[in-house]
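Enquirer: Quick one: sequence and predicted model below, then my questions.
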Amino acid sequence: MTTPGAAPLAPSRPLLGLGRPELEQWAEQQGQSAFRGRQLHEWLYAKGARSLDQITVLPKAWRQQLAEHPPQGAADWLGRSRELHRSVARDGTTKLLLGTADGLSIETVGIPAEGRLTVCVSSQVGCAMACRFCATGKGGLQRSLAVHEIVDQVLSVREVMGERPSHVVFMGMGEPLLNSEAVLHAIHCLCTDLGMAQRQITVSTVGVPKTLPSLAERALERLGRAQFTLAVSLHAPDQRLREQLIPTAHAYPIEALLADCRRYVAITGRRLSFEYVLLGGLNDQPHHAEALARLIRGFQSHVNLIPYNPIAEEEFQRPSPEAVAAFRRALQERHIAVSVRASRGLDADAACGQLRRRLEGELTTRSRSHSSP
């Protein structure tokens, strides 16, 4: 069994994502004292340094030496992404488009509320799950994100919004269970190095066959305990409708998914959250709520209803407030714990993946116009 959160020391990768012991060891391998590793840790996580030049407490000669030999695939040793675009909604919701070292882009969102700041982070560039109502899946999957690219999103939102994030949700671009090792490592970093609690972190999945029990076991091994919230995206009360909305669901029958959910609960002792995107006239009627209640009866769970945010590529409709209220009431009458997620940032490309796709389209158009005779 490995030490909880332990990661192999990899001096050829960016330092962001390494903990204090790893940074101390790395500094010593570089001919420096362990104290330099502790300084790096403070400047990486507490101060959010973006370059070695900013860490003036380090010897100038060492900084110059490191700058001349950055790790493969990174702009510098720290592993921070660059901001490509910022979109701020009237309610303060802030969406950032961040550029990776290999020229790709990812989205992260800061969602302020009274007494809290939630960061919605991406785990992949694009997504392979192809949910019809999600803008991210329209472009397919390009690659999974490394640990430093995940942690950087939280640091970037903290920097831009001038506030310490209180919660992190893995609900951005990508399917976290297809990048679970990096996600678990990032959770350890957020807790150990940024001082968050696992209970402040949520991991959302649409469901990948035979992964939930393994996730539970590896979380216990890597993190010492599994206290983050697992949010399983159902979006339909039966297999037929679920496959209509999530084409990849054909390989994972809803009965098998729920059986794996029960095993996850048995291993971790944590209740689940079921996510349900409400699509106007399609899955938001009272009989859908009744079927959903029957499906999850007996579960230690909570249902999070999410009114749909429209995207250009699909003709799904946002549900009426009356339909949302009726759906919620139908679940409550059947003793299902339920809440409705407040829609935020609707005037600023709120749906995940929208900002990235719109800006990529604009950049492509500009490129073509510049190259035209």
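Expert: The structure has been received and is ready for your questions.
Enquirer: mind showing which ranges of the stretch 201-350 of the chain have poor pLDDT?
Expert: Counting by pLDDT under 70, the stretch 201-350 of the chain shows low-confidence ranges at 343-350.
Enquirer: residue boundaries of the strands in it?
Expert: Secondary structure of the stretch 201-350 of the chain, counting by DSSP state E, counting those that start in this stretch: strands at 201-205, 229-233, 272-278, 301-307, 338-340.
Enquirer: Which strands border the third one, and is each parallel or antiparallel?
Expert: When you say that, I think you mean strand 272-278. strand 229-233 (parallel), strand 301-307 (parallel) (DSSP bridges).
Enquirer: Dump those into TSV; add mean neighbour count as well.
Expert: For the C-beta atoms, the positions are set from N, CA and C on the backbone; glycine is no exception. Shown next, in TSV, are the strands paired with strand 272-278 (neighbours: other CB atoms under 10 Å):
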stretch	mean neighbour count
strand 229-233	22
strand 301-307	20
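Enquirer: Need those in a markdown table (columns: distance to Ala130).
Expert: Shown next, in a markdown table, are those (distance: least, CB to CB, whole Å):
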| stretch | distance to Ala130 |
| --- | --- |
| strand 229-233 | 13 |
| strand 301-307 | 18 |
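Enquirer: about what we covered before: with distance to Leu18 as added columns, please give the strands of the stretch 201-350 of the chain in JSON lines.
Expert: Converted to JSON lines, the strands of the stretch 201-350 of the chain look like this (distance: least, CB to CB, whole Å):
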{"stretch": "strand 201-205", "distance to Leu18": "19"}
{"stretch": "strand 229-233", "distance to Leu18": "26"}
{"stretch": "strand 272-278", "distance to Leu18": "31"}
{"stretch": "strand 301-307", "distance to Leu18": "34"}
{"stretch": "strand 338-340", "distance to Leu18": "37"}
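Enquirer: For Gln244, find the nearest of the strands paired with strand 272-278.
Expert: strand 229-233 (14.4 Å; CB to CB).
Enquirer: Put the alpha carbons of that closest one into CSV.
Expert: Provided in CSV are the C-alpha atoms of strand 229-233 (Å, rounded to 0.1, in the frame of the first residue of the first chain):
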residue,chain,number,x,y,z
THR,A,229,-18.8,13.9,-2.9
LEU,A,230,-19.4,11.7,-5.9
ALA,A,231,-22.1,13.2,-8.3
VAL,A,232,-23.5,10.7,-10.8
SER,A,233,-25.1,12.3,-13.9
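Enquirer: shouldn't Val206 be in contact with Arg242?
Expert: No - counting by CB atoms under 8 Å, Val206 does not reach Arg242; the two are 9.6 Å apart.
Enquirer: returning to what we had before: can you say which of the strands of the stretch 201-350 of the chain is nearest to Ala216?
Expert: Checked against CB to CB, the stretch from the strands of the stretch 201-350 of the chain lying closest is strand 229-233, at 8.4 Å.
Enquirer: Just want the angle from that closest one to strand 201-205.
Expert: In terms of direction (axes from the mean of the first three to the mean of the last three CA atoms, to 10 degrees), strand 229-233 departs from strand 201-205 by 20 degrees.
Enquirer: chain center to strand 229-233, what's the gap?
Expert: Using CA atoms, centre = their mean, to the nearest Å, the mean C-alpha position of strand 229-233 is found 12 Å from that of the whole chain.
Enquirer: again, but for stretch 54-68
Expert: On CA atoms, centre = their mean, the centre of stretch 54-68 falls 32 Å from the chain's centre.
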